[in-house]
Structures are given as C-alpha cells and as structure tokens.
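S.K.: Okay, here's the prediction I keep looking at, along with the sequence it came from:
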Amino acid sequence: MNYFYSKNKQEKLGKLVEHDLFPLLIDYMYQHQNEDIILRELKAVFPQRKFEAFLDQLIDENLLKRENRRYSLNFPIFDESKFQKEIEEATSLMTQKLVSFSQEEKQLVMGEEMWSYCFESKSSYFYATVEYLLPISKHVAGNQTYQWVSLNYHDSLTFSLANYFYLQKKQIAMPVEFERLAKLIGDVNEMYYFDQVEVIIDRIKANKYKRRRPSIFYDSLVLTKTIETKIVENEEKTQLAIPMIESKIKTIDFPKIAHGQTVEEKAYIKRKVYECLINQHLLTDFSYLRQIK
C-alpha cells in the first residue's frame, strides 16, 4: 500500500507513516474493515510497548477513528479502477494544451506550473492506494540566484546536482552513480558550492567563460551535464546543457481538474493525471536551471 499526504503535514505524518507498526496496523485494519475492531483485539495482535500511545497519535492526526470503543480507518484507500474515466478525460484535456509545446517547454511547464497545481495544495489530505505507484519527486538545490531542479519518476533517484544535495541533506547513503561526484566535491556546504558555480554560470551566459585552471566546480557541472564544452571555429566554447528559466514562466491556461468531491479524491486524480502526462510525453526524468534574480 502507498500513502500520500499534503506538504503542509509532511513532517508530522512522515514520522507516523515510517513507524514500523504503521503498515502492519493499516493492513490489519483494512482487511477487517467490515468488522467491529476493539482495543482488546488490537492489543492481542500488536503487543508492542506504547502501542496505545501510537494509536492515540493516529487518532489525533485523523488517520484512525475511535467511536463507541470501535476503531476504524479514517482516510480513503483508492484502487486502480477508481476514477479511471475521470483521469483519462482530464489527461486528454491537458495533452491538448501540451501537444504544441517543445520538449523543453513541456519540462518547464510540468516542473513549475503543473507541479504546483497537482501537488502543492493548501488543503490538508491523506490517502492510500492499493496499487503500487512509483514515487514522483521534485528536488531543488541552489542559492539566491540560481536553483537546480530535478524531477524523477523512479524507484531510485537519478544522477543530478539537485538529487545529490538532497541525499546529502537527508544523510542518505550515496548510490553508486553518485560516487564520482561525491569524490569530487564531498560534503561541501551547499550555499558555498552554489556561490562558486554561480560565477561560472554567469560567465557562460555572458559568453565570457575561459577555463584557465583546474576547478572541481567546473568539473562537477560537466559531470552532472549542467554544462558542456564544444569546439566552435577551432575554439573551445562552454555552454549550458540543460534548459534555464530566466524569468517567471508564462501562465498556461490549463483546464482545471474538476473531478472528485473530496480533497483526497481531487489530490488522487491530479497525481494520476500528472503520472499519465509525464509517461506520455517522456518526462519521467529531467532537470533544469531556474534563475531567481
């Protein structure tokens, strides 16, 4: 079972979802959802210390409901067939808007406006799915001038600068594909690193960059395919290798996803539509650079 919840509840709900008891308890409650479940029964199945305290936390966060001494799940669980027609209709409408865009424009729209619309709801929600859904992640790293953005639709993070600093920040062991970059820049301070590469990016944009000495910052940008070097008229020229947003992206008049009655239903439909779009338009893994000022 997969669990999805709003960004404004991420820290608190994340700790509960990652608790060892959580998936076991939810699976049990789901399998016995048509029965009257009482505390004595739950404690017999889950004899762990502080189990009641854990139950109280779930009730406080409205994930479980206790009524007349009976316990039940208090969030929706969707299966693959749920809202299939609505998802297909909304995906078709969105595709009509995207079809005339270049691949680079699609990346920027899906990474900015569509991401915000589909995932950055101000409303609180929590839902689960019976089907396994691949994670959709967006990681951002940078300074006050430039931000590196990576979107991924994979079980594991793909190689990029934004993902590297996300792993470093979360103190997650570096996957094999990140080892070369880790050896190059190590656990460098994020702000210091991006202040250094800002100078390189500025000079590349102004067509004034000349590599005069070895630089781990330059090498890291090449390694992560942020920049590339080409020979133009017998002269080495360095240029950006990923798209850049230099100003606020223009508003796209997308049709709104009106399907779904509850906050959870709308959040589920939006996620499925986003998933369909990135698959259809080959946008399951991409990065770009965003200029803040």
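M.R.: Received the coordinates, thanks.
S.K.: by contact count, what packs against the longest helix anywhere in the chain?
M.R.: As assigned by DSSP state H, the longest helix anywhere in the chain is helix 263-280. Here helix 263-280 touches strand 2-5, helix 84-98, helix 103-111, helix 113-119, strand 126-129, strand 136-142, strand 146-153, going by 3 or more CB pairs under 8 Å, 6 or more residues apart in numbering; DSSP states H and E. In short, each C-beta sits where N, CA and C put it, glycine included.
S.K.: which one of the ones you listed is the most hemmed in?
M.R.: Greatest average neighbour count among these goes to strand 146-153 (a mean of 22), per mean count of other CB atoms under 10 Å.
S.K.: Can you give the strand pairings for that strand, parallel or anti for each?
M.R.: Next to strand 146-153 in the sheet, as set by DSSP bridges, lie strand 136-142 (antiparallel), strand 285-291 (antiparallel).
S.K.: still on that earlier bit, make JSON lines from the helices and strands packed on helix 263-280 and add mean pLDDT and distance to residue 13 to it.
M.R.: Formatted as JSON lines, those follow (pLDDT from 0 to 100; distance: least, CB to CB, whole Å):
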{"stretch": "strand 2-5", "mean pLDDT": "93", "distance to residue 13": "5"}
{"stretch": "helix 84-98", "mean pLDDT": "89", "distance to residue 13": "24"}
{"stretch": "helix 103-111", "mean pLDDT": "90", "distance to residue 13": "25"}
{"stretch": "helix 113-119", "mean pLDDT": "89", "distance to residue 13": "15"}
{"stretch": "strand 126-129", "mean pLDDT": "96", "distance to residue 13": "6"}
{"stretch": "strand 136-142", "mean pLDDT": "95", "distance to residue 13": "17"}
{"stretch": "strand 146-153", "mean pLDDT": "95", "distance to residue 13": "22"}
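S.K.: will you turn the ones you listed into a markdown table that also has distance to residue 270?
M.R.: Output for these, formatted as a markdown table (distance: least, CB to CB, whole Å):
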| stretch | distance to residue 270 |
| --- | --- |
| strand 2-5 | 11 |
| helix 84-98 | 8 |
| helix 103-111 | 13 |
| helix 113-119 | 4 |
| strand 126-129 | 12 |
| strand 136-142 | 11 |
| strand 146-153 | 15 |
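S.K.: Among the ones you listed, single out whichever gets nearest to residue 70.
M.R.: Across these, residue 70 has its closest neighbour in strand 126-129 (20.3 Å, CB to CB).
S.K.: Quick one: list the elements packing against that closest one.
M.R.: Packed against strand 126-129 by the contact rule (3+ CB pairs under 8 Å, 6+ apart) you find strand 2-5, strand 77-78, helix 263-280.
S.K.: what about the ones you listed, which gets the closest to residue 164?
M.R.: Per CB to CB, nearest to residue 164 of those: helix 263-280, 21.8 Å.
S.K.: so the closest one versus strand 136-142, what angle?
M.R.: Interaxial angle of helix 263-280 relative to strand 136-142 (axes from the mean of the first three to the mean of the last three CA atoms, to 10 degrees): 80 degrees.
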